[in-house]
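[1] structure of the sequence below:
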Amino acid sequence: MANVHPVKGTVIENEFASPEEKDAYKAVEIEMRPTNGDTADGPEEELEEYQIVRKQLKFTVDNQPSWPVSFLLGFQQYIIMFGPTFAIPVILAPSLCIQDNIFAKGQLLNTMFVLCGISTLLQIFFGTRLPIIQSGSYVYFAVAAGILKDKCTGNYQQTLDNGTVENITYDPNWHDHMAELQGNLMVGSVIQLILGGFGLVGLLLKVIGPLTITVLISLIGLTLADVAADSASTNWGISIAMVVLVALFSEYLKNIPVPVPVLKLKPRVSCKIAWPKLFSTLSIIISIIILWVICAILTAVGVFVKDQHGYTGGLLSKLKDASWFYFPYPGQFGTPRVSIGGFVGMFAGVIAGIIESIGDYYACAKLSGAPPPPKYALNRGILMEGVGCFLTGLCGPGIGVTSYSENIGAIGLTKVGSRRVICCSAILMIFIGVIGKFGVFFASLPEPIIGGMYLVMFGMIAAVGISNLQFVDLTSSRNIFVLGVSLYLGLVIPNWSVKNADKIDTGSKEFDQLLVVVLQSGMIIGGGLACFLDNTIPGTDDERGMTSYKLATKGAKDVPLQKEIYRVPGTQWLISKVPFLSKLPFVED
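    Model (predicted):
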């Protein structure tokens with residue numbers, strides 16, 4: 001089965017595509033085919049890159065696999081984001097004084113998954129329209145730690161129904177601490193709503209070039225090296241085995257077809273054998289299943305014991321104790337509160353999230369076979385992230401959402417960049433978020449397997465950033481200086497500030513919170529420095545790569561494929577009824 005690229009009639013192999021989809025692509029291709037003998041409008045070099053990327057993908061951003069296939073692939077994306085999302089209540093618990101309160105941590109986990117699913121759907125349908133998952137951002141943990149500093153006393157008591165007072169190991173009033181996080185996040189999210197709603201995000205494109213994008217995206221992967229190392233070091237053997245299996249299935253065996261029985265209902269019921277290249281598409285899930293089974297066997301024979309990483313025992317008792325349903329709702333942890341210091345910290349966190357997301361948008365577009373996102377799509381993306389952060393502040397757990405880099409790396413590995421797949425993943429987030437027993441089951445995924453996934457995908461993200469250097473003149477000493485200094489300081493300064501946060505003392509608690517957040521964010525330090533140096537050190541547009549990069553962003557707006565991918569459904573009809581809406585900075589041209 002083959003699909004036809006709507007620009008230049010490029011054939012894209014896709015064994016799951018339907019005949020109707022094939023005919024639709026052919027019709028679009030015929031309609032868009034130039035009649036004057038020239039190529040389609042748009043920058044030739046960038047379209048060639050789209051052509052190459054889209055030919056390599058199993059499903060591009062605008063492909064729609066069948067629902068069963070979409071849910072299967074969406075489940076794979078869910079598995080990837082589960083570990084870090086599950087870690088949110090674990091990391092946040094000490095600051096909230098609930099590290100021994102399993103029920104409280106369960107509430108945070110369920111709430112986080114439901115809100116991530118809702119935010120992802122908002123981003124796909126009304127935001128950038130890219131296949132990008134929204135999840136809790138680790139940049140907000142430093143903010144939370146600063147807001148909740150010294151909240152825990154360590155001595156807690158509660159009164160039982162019979163009047164007896166007993167000592168407990170967690171704060172029974174932890175809802176008060178959460179309410180402060182929620183209120184400050186809600187106020188901080190207004191910054192994103194303003195920047196996206198008034199089109200101020202799009203203005204950043206005038207000063208952000210390929211050097212800045214390279215540093216931003218690369219640092220997303222490089223600064224997560226400690227996270228990957230911590231997870232992988234729990235059992236290096238299993239983690240390296242995960243890397244080997246993913247490499248085996250996604251690269252070495254990617255062209256090997258696998259026989260799969262397919263049930264056909266029309267024109268009559270029949271069973272046929274299809275030969276999809278499943279090793280590449282399901283490389284992560286297959287690797288996880290193999291290693292999970294191995295861990296279960298090693299647990300059964302006594303190699304892995306309780307409290308040892310890789311141990312899979314005790315799952316049945318955990319499922320029995322877990323509640324069936326939990327439905328998050330606004331104000332479930334009390335009335336949100338705002339503090340000056342908390343808002344200052346959240347402001348820095350929001351700015352870091354915006355810078356991080358801009359890099360993610362470009363990386364996701366490139367890996368999913370989409371043109372570079374236009375300004376209005378960037379504005380909509382940050383606007384919807386603001387809505388998502390406001391909702392997580394309203395319902396809890398007080399940690400803002402942002403674009404999730406790990407799932408972008410998974411697109412590069414699996415060659416699956418379909419929006420429908422990510423929609424299915426978001427539905428699974430919401431569904432599993434309200435069913436506690438499912439969450440407990442998947443939470444038993446051994447930490448070393450998660451660490452192995454990190455080793456592969458964080459490297460993929462860094463490599464995507466480096467690939468933007470194709471636009472830049474690397475023989476220029478100017479560019480080498482900008483790249484080297486900004487990239488290195490983006491690693492060194494956050495590393496120092498994490499180890500020496502107690503040395504940051506200006507006499508103002510609020511300003512200290514701001515400095516800690518800024519100095520611990522490699523994206524802010526490295527990306528901001530790269531942007532400053534690239535725009536102040538003399539250099540020609542050709543030398544900086546701005547000529548070809550501006551063509552890739554500005555010229556691409558005339559490509560029909562771009563308008564089709566980034567258009568919000570129903571927008572044209574709405575504009576025809578209310579013409580002034582076309583003037584809004586987050587509405588397509």
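[2] strands along the stretch 101-250 of the chain, start to end?
    134-136, 156-159, 165-168 (DSSP state E, counting those that start in this stretch).
[3] which residues does the shortest one contact?
    Right, strand 134-136. Applying CB atoms under 8 Å, 6 or more residues apart in numbering, the external contacts of strand 134-136 come out as 81, 84-85, 88, 112, 116, 119-120, 122-123, 385, 388, 392, 397, 399-404, 407. Bear in mind the C-beta positions are built from the backbone N, C-alpha and C, glycine included.
[4] which residues sit in contact with Glu406?
    Counted by CB under 8 Å, 6+ apart, Glu406 has contacts Ile80, Met81, Pro84, Met453, Tyr454, Met457, Phe458, Ile461.
[5] can you tell me the average pLDDT over the helix or strand hosting it?
    According to DSSP states H and E, Glu406 maps onto helix 405-414. Helix 405-414 shows a mean pLDDT of 78.
[6] what's the following helix or strand after it?
    Counting by DSSP H and E, what follows helix 405-414 is helix 419-434.
[7] other SSEs contacting that next one?
    Counting contacts by 3 or more CB pairs under 8 Å, 6 or more residues apart in numbering; DSSP states H and E, helix 419-434 is packed against helix 67-96, helix 102-126, helix 436-443.
[8] elements contacting the second one?
    Other helices and strands packing on helix 102-126, by 3+ CB pairs under 8 Å, 6+ apart, are helix 67-96, strand 134-136, helix 375-395, strand 401-403, helix 419-434, helix 436-443.
[9] out of those, which gets nearest to Asn173?
    Closest approach to Asn173 among these is made by helix 67-96 (10.4 Å; CB to CB).
[10] contacting residues for the residue lying closest to Ile285 once chain neighbours are set aside?
    Nearest residue to Ile285, sequence neighbours excluded (CB to CB, 6 or more residues apart in numbering): Gln76, at 4.8 Å. With contacts defined as CB under 8 Å, 6+ apart, Gln76 is in contact with Leu282, Ile284, Ile285, Ala410, Thr414.
[11] could the residues you listed go into TSV alongside distance to Pro560 and neighbour count?
    Converted to TSV, the contacts of Gln76 look like this (distance: CB to CB, whole Å; neighbours: other CB atoms under 10 Å):
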residue	distance to Pro560	neighbour count
Leu282	32	22
Ile284	33	25
Ile285	35	18
Ala410	28	26
Thr414	27	26
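[12] and these, which is closest to Ser231?
    Among these, and counting by CB to CB, the member closest to Ser231 is Ile284, at 15.1 Å.
[13] the closest one is in contact with Ile411, isn't it?
    No - look at Ile284 against Ile411 with CB atoms under 8 Å: they stay out of range, at 11.2 Å.
[14] hmm, back to that, now the helices and strands packed on helix 102-126 in JSON lines, with distance to Ile289?
    As requested, those are exported to JSON lines (distance: least, CB to CB, whole Å):
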{"stretch": "helix 67-96", "distance to Ile289": "10"}
{"stretch": "strand 134-136", "distance to Ile289": "23"}
{"stretch": "helix 375-395", "distance to Ile289": "32"}
{"stretch": "strand 401-403", "distance to Ile289": "28"}
{"stretch": "helix 419-434", "distance to Ile289": "17"}
{"stretch": "helix 436-443", "distance to Ile289": "13"}
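[15] where is pLDDT lowest across the contacts of Glu406?
    Pro84 (66).
[16] quick check: phi and psi on the residue most central in space within the chain?
    When CA atoms, centre = their mean is applied to the chain, the residue found nearest the centroid is Tyr404 (1.2 Å). Main-chain torsions, Tyr404, degrees, to the nearest 10: phi -100, psi 110.
[17] I'd guessed it sits against Met81; true?
    Yes - with contact defined as CB under 8 Å, Tyr404 reaches Met81; the gap is 5.7 Å.
[18] can you work out which residues contact both of those two?
    With CB under 8 Å, 6+ apart, Tyr404 and Met81 have common neighbours Ile133, Ser135.
[19] just for the stretch 151-300 of the chain, where's the confidence low?
    Along the stretch 151-300 of the chain, the model assigns pLDDT under 70 to residues 153-154, 157, 159-163, 165-169, 202, 204-205, 263-267, 281.
[20] quick one: the helices in it?
    Taking DSSP state H, counting those that start in this stretch, the helices of the stretch 151-300 of the chain run over residues 174-197, 200-203, 210-222, 225-232, 236-247, 278-281, 283-300.
[21] and among those, the most buried is which?
    helix 210-222 (a mean of 27; mean count of other CB atoms under 10 Å).
[22] ok, of the helices and strands packed on helix 102-126, where does mean pLDDT dip lowest?
    helix 436-443 (a mean of 68).
[23] tell me the first helix or strand C-terminal of that helix.
    Counting by DSSP H and E, the next helix or strand C-terminal to helix 436-443 is helix 447-466.
[24] moving C-terminal of that next one, what's the next helix or strand?
    Immediately after helix 447-466, counting by DSSP H and E, sits helix 477-499.
[25] if you average pLDDT over the helix or strand following that next one, what comes out?
    Per DSSP H and E, the first helix or strand lying C-terminal to helix 477-499 is helix 509-519. Helix 509-519 shows a mean pLDDT of 76.
[26] now do helix 509-519 against helix 477-499, angle only.
    Taking axes from the mean of the first three to the mean of the last three CA atoms, to 10 degrees, helix 509-519 and helix 477-499 form an angle of 130 degrees between their directions.
[27] next, the buried residues of helix 509-519.
    For helix 509-519, the buried set under the neighbour-count rule, 16 or more other CB atoms under 10 Å, comprises Glu510, Asp512, Gln513, Leu514, Leu515, Val516, Val517, Val518, Leu519.
[28] who are the packing partners of that helix?
    Secondary elements touching helix 509-519 (3+ CB pairs under 8 Å, 6+ apart): helix 139-147, helix 340-367, helix 477-499.
[29] lowest average pLDDT across the ones you listed?
    helix 139-147 (a mean of 68).
[30] from the buried residues of helix 509-519, which single one is nearest Val434?
    Nearest to Val434 among those is Val517, at 32.3 Å by CB to CB.
[31] for Gly526, see how far away Ser476 is.
    According to CB to CB, to the nearest Å, Ser476 and Gly526 sit 19 Å apart.
[32] more neighbours: these two, which one.
    Remark: of Ser476 and Gly526, Gly526 carries more neighbours, 30 against 17, as counted by other CB atoms under 10 Å.
[33] who touches the closest residue to that one other than its chain neighbours in this structure?
    The shortest distance from Gly526 to any non-neighbouring residue, by CB to CB, 6+ apart, is to Gly490 (2.1 Å). Gly490 is in contact with Val215, Leu219, Leu222, Thr223, Gly522, Met523, Ile525, Gly526, Gly527, Leu529, counting by CB under 8 Å, 6+ apart.
[34] make TSV out of those residues and add distance to Pro336.
    Output for the contacts of Gly490, formatted as TSV (distance: CB to CB, whole Å):
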residue	distance to Pro336
Val215	35
Leu219	32
Leu222	35
Thr223	30
Gly522	30
Met523	27
Ile525	31
Gly526	33
Gly527	31
Leu529	35
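[35] for Phe481, state which of those residues is nearest.
    Leu529 (11.3 Å).
[36] end to end on stretch 366-383, go ahead and measure it.
    21 Å (CA to CA, to the nearest Å).
[37] and that stretch, how far from the chain's centre?
    Centroid separation between stretch 366-383 and its chain, computed with CA atoms, centre = their mean, to the nearest Å, is 14 Å.
[38] and what of stretch 515-525?
    Counting by CA atoms, centre = their mean, stretch 515-525 is centred 19 Å from the centre of its parent chain.
[39] now swap in stretch 314-325 and tell me
    With CA atoms, centre = their mean as the basis, stretch 314-325 stands 29 Å off its chain's centre.
[40] and it, how far apart are its ends?
    Using CA to CA, the end-to-end distance of stretch 314-325 comes to 21 Å.
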